[in-house]
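Chemist: Here's my sequence, what's the structure:
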Amino acid sequence: MNGPLTGTGTLLRLALRRDRVMAPVWVAAAALLVVSMPRALGAVYATGAERASVAASMNANGSMRALYGPVFGQSLGALTAWRTGVFGAVLAAVMSLVIVVRHTREEEETGRHELLCSGAVGRRAPLTAALLAALTADAAVAVLIAGGLAGQGAAGALALGLGIAGTGLVFAAVAAVAAQLTGSARAAKGLAAAALGAAFVLRAAGDAGTPGAGSALTWASPLGWLENVRAFAGERWWVLGLFAAGAPALAAAAYALAGRRDLGMGFLAARPGPAEGRLGSAGALARRLQRGAVLGWSAAFLTVGVVFGGMADGVAEVVGGNERTREIIERMGGRGGLTDAFLAAMAGLLGMAAALFAVSCVLRLHGEETSQRAEPLLAHPLGRLRWAGGHLAVAFAGPALILLLAGLGLGLGHGGDAAATVGTCLAQLPAVWVFGGLAALLYGAAPRYAAVAWAVAGAALALGWLGPALDLPRQVLDLSPFAHLPRLPGPGGWQPTPLLVLTGLAAALTAAGLAALHRRDMTA
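Modeler: Numbers count the residues shown, from 1 in each chain. Down below sits the predicted model:
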């Protein structure tokens with residue numbers, strides 16, 4: 001007789017096998033972000049006096065606290081926890097929610113779940129296997145961080161690793177709830193990502209208004225719990241109990257919801273239509289399908305732009321006389337004035353994030369194809385190129401919109417020339433389009449490996465974020481298309497040649513992808 005957990009082990013092995021490439025990449029990225037930081041910080045702040053000075057400067061700056069949180073100690077370990085804790089936790093959270101949604105709601109949406117459950121598989125086995133897969137990945141992150149930072153203090157390394165893994169587990173459970181509420185994998189990911197964004201905003205608002213992570217808003221966010229663990233600064237082990245209680249409570253809610261719904265259905269019903277008028281073309285349908293993502297990214301980029309712009313005036317005070325920090329900012333943003341270099345560096349980071357958006361828009365084509373929603377469309381007098389062109393138009397125009405809003409946000413936050421900051425952000429577009437073109441090529445020629453575009457875009461983001469701080473060779477940094485863009489605002493001014501070359505490369509990659517799509521079999 002089958003029990004509710006029958007087949008969990010088999011499904012877990014299947015999930016780990018399916019994630020054998022994706023999960024290790026996410027784990028390595030989250031762990032590397034954290035364990036590489038002591039070396040970089042040690043090169044910048046070599047003495048205790050320099051570390052004490054930067055800690056005092058950061059704690060006195062509300063914008064910096066909003067972005068990174070407060071600094072609780074002056075050791076390299078404490079500075080590492082401050083500098084990377086929140087962002088490492090965000091990476092773990094995104095990894096976890098992607099894993100859970102992939103093995104729950106996405107399986108139902110594609111019909112594979114129904115086939116599996118026709119065999120000896122218990123009702124709760126798929127959800128349990130998905131949560132265990134996320135637990136395995138988060139545990140690997142914790143082990144790598146604890147081992148990599150053990151030299152800075154074993155207790156602090158363990159506390160930070162467990163805190164980041166705990167954050168990942170909380171959002172794995174949030175994704176499990178979202179998978180029960182929604183009727184599609186995309187909606188489930190969007191709902192879970194919105195919860196993560198809300199957690200970041202709550203923590204940022206609390207830290208900006210109250211030093212020391214003691215605000216009620218900070219405590220309302222799992223990211224705030226991570227800060228209050230205080231790794232390398234008199235660890236508060238009891239705070240880890242919040243993760244130990246929160247994740248199982250959310251998972252229990254997911255199980256309860258799963259037991260009260262029909263297979264393939266969600267509690268939040270999708271709104272019907274209208275399917276007329278404005279949806280009379282493939283391009284209009286693509287815009288409707290991608291509308292939610294464009295609006296969400298637009299709001300996020302505008303907000304982040306305002307935050308980064310507000311930090312620009314205080315960057316000189318934070319840097320002080322530390323030449324190494326100045327060099328890092330100049331490597332990221334050029335050798336103009338320090339404020340201009342900082343604005344250029346932030347525009348570059350926003351451009352790299354926009355590349356992820358471009359990749360997601362292009363790979364929506366793959367999702368439409370594998371879910372067989374594209375087949376009924378293509379059965380009508382609608383060519384593949386017209387169908388794909390609608391989504392590609394969003395993939396190339398969408399980044400222009402979000403970077404435009406990011407530039408406006410930088411200008412508003414800085415209180416300077418908004419036209420200059422908009423130009424700085426829009427100068428990132430050719431490099432962003434290269435990643436969109438690469439995704440189009442992979443989807444058209446080898447759809448099974450289309451997800452490689454995520455890894456390439458993530459590697460470019462890691463190079464831009466960590467490369468200058470780690471003082472990587474110029475030849476390594478030049479592997480990213482963003483390294484070849486002009487650094488604006490700055491003394492070099494507009495340099496049209498790299499912009500034109502990158503735009504041409506993006507066009508060639510996209511054309512090659514469309515040609516391959518035109519020739520291959522669908523769902524091949």
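
Chemist: what about the closest residue to residue 246 other than its chain neighbours, helix or strand, and which?
Modeler: In this structure, residue 246 finds its nearest non-sequential neighbour in residue 170, 5.1 Å apart by C-beta to C-beta, 6 or more residues apart in numbering. C-betas here are computed from N, CA, C, even on glycine. Residue 170 is located in helix 154-181, with elements delineated by DSSP states H and E.

Chemist: Compute the number of surrounding residues for the residue nearest to residue 246.
Modeler: 31 (other C-beta atoms under 10 Å).

Chemist: any idea how far it is from residue 417?
Modeler: Separation of residue 170 from residue 417 (C-beta to C-beta, to the nearest Å): 42 Å.

Chemist: And residue 401, by the same measure?
Modeler: Separation of residue 401 from residue 417 (C-beta to C-beta): 21 Å.

Chemist: Neighbour count: those two, which is higher?
Modeler: residue 401 (17 against 11).

Chemist: My read is that the more buried one contacts residue 294, right?
Modeler: Yes - with contacts counted by C-beta atoms under 8 Å, residue 401 reaches residue 294, the gap being 6.8 Å.

Chemist: And the helix holding residue 170, what does it pack against?
Modeler: helix 22-35, helix 76-102, helix 125-148, helix 185-209, helix 222-229, helix 240-258 (3 or more C-beta pairs under 8 Å, 6 or more residues apart in numbering; DSSP states H and E).

Chemist: In a markdown table, list those along with mean neighbour count and mean pLDDT.
Modeler: As requested, those are exported to a markdown table (neighbours: other C-beta atoms under 10 Å; pLDDT from 0 to 100):
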| stretch | mean neighbour count | mean pLDDT |
| --- | --- | --- |
| helix 22-35 | 21 | 87 |
| helix 76-102 | 26 | 90 |
| helix 125-148 | 23 | 94 |
| helix 185-209 | 21 | 85 |
| helix 222-229 | 26 | 94 |
| helix 240-258 | 17 | 94 |
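
Chemist: where are the low-confidence patches of this structure?
Modeler: Residue ranges of the chain with pLDDT under 70: 1-2, 63, 118, 263-265, 267, 269-280, 313-338, 465-472, 487-494, 524.

Chemist: in it, which helix has the most residues?
Modeler: Secondary structure of the chain read by DSSP state H shows that its longest helix is helix 338-370.

Chemist: Contacts only, for residue 454.
Modeler: 356, 359, 363 (C-beta atoms under 8 Å, 6 or more residues apart in numbering).

Chemist: between those residues, which is nearest residue 410?
Modeler: Within the contacts of residue 454, proximity to residue 410 (C-beta to C-beta) peaks at residue 356, which comes in at 19.1 Å.

Chemist: burial of the closest one, as a residue count?
Modeler: 19.

Chemist: Find the nearest non-adjacent residue to it, please.
Modeler: Closest residue to residue 356 apart from its sequence neighbours, by C-beta to C-beta, 6+ apart: residue 457 at 5.3 Å.

Chemist: Mind putting the helices and strands packed on helix 154-181 into a markdown table with distance to residue 178?
Modeler: Below are the helices and strands packed on helix 154-181 laid out as a markdown table (distance: least, C-beta to C-beta, whole Å):
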| stretch | distance to residue 178 |
| --- | --- |
| helix 22-35 | 19 |
| helix 76-102 | 7 |
| helix 125-148 | 12 |
| helix 185-209 | 4 |
| helix 222-229 | 15 |
| helix 240-258 | 9 |
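
Chemist: And the closest residue to residue 176 other than its chain neighbours, how close does it get to residue 284?
Modeler: Distances taken as C-beta to C-beta, 6+ apart place residue 254 nearest to residue 176, at 3.6 Å, with adjacent residues excluded. Distance check for residue 254 against residue 284: by C-beta to C-beta, it reads 36 Å.

Chemist: again with residue 507
Modeler: 24 Å.

Chemist: And residue 343, by the same measure?
Modeler: Distance, residue 343 to residue 284, by C-beta to C-beta: 37 Å.

Chemist: Check residue 98 too.
Modeler: Look at residue 98 and residue 284: by C-beta to C-beta, they are 29 Å apart.

Chemist: of all the helices and strands packed on helix 154-181, which lies closest to residue 523?
Modeler: Closest among the helices and strands packed on helix 154-181, using C-beta to C-beta: helix 185-209, at 17.1 Å.

Chemist: angle of the closest one against helix 154-181?
Modeler: Helix 185-209 and helix 154-181 are oriented at 140 degrees to each other (axes from the mean of the first three to the mean of the last three C-alpha atoms, to 10 degrees).

Chemist: Check the offset of helix 185-209 from the chain's centre.
Modeler: Here the centre of helix 185-209 is set off from its chain's centre by 12 Å, with C-alpha atoms, centre = their mean, to the nearest Å.

Chemist: For the next helix or strand after that helix, which helices and strands make contact with it?
Modeler: Where DSSP H and E defines the elements, the next helix or strand beyond helix 185-209 is helix 216-219. Judged by 3+ C-beta pairs under 8 Å, 6+ apart, helix 216-219 is in contact with helix 185-209, helix 222-229.

Chemist: Which strands and helices lie in contact with the last one?
Modeler: I take that to be helix 222-229. helix 76-102, helix 154-181, helix 185-209, helix 216-219, helix 240-258.

Chemist: will you turn these into TSV that also has distance to residue 70?
Modeler: Converted to TSV, the helices and strands packed on helix 222-229 look like this (distance: least, C-beta to C-beta, whole Å):
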stretch	distance to residue 70
helix 76-102	7
helix 154-181	15
helix 185-209	6
helix 216-219	9
helix 240-258	18
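
Chemist: how about these, which one is nearest residue 347?
Modeler: helix 76-102 (18.4 Å).
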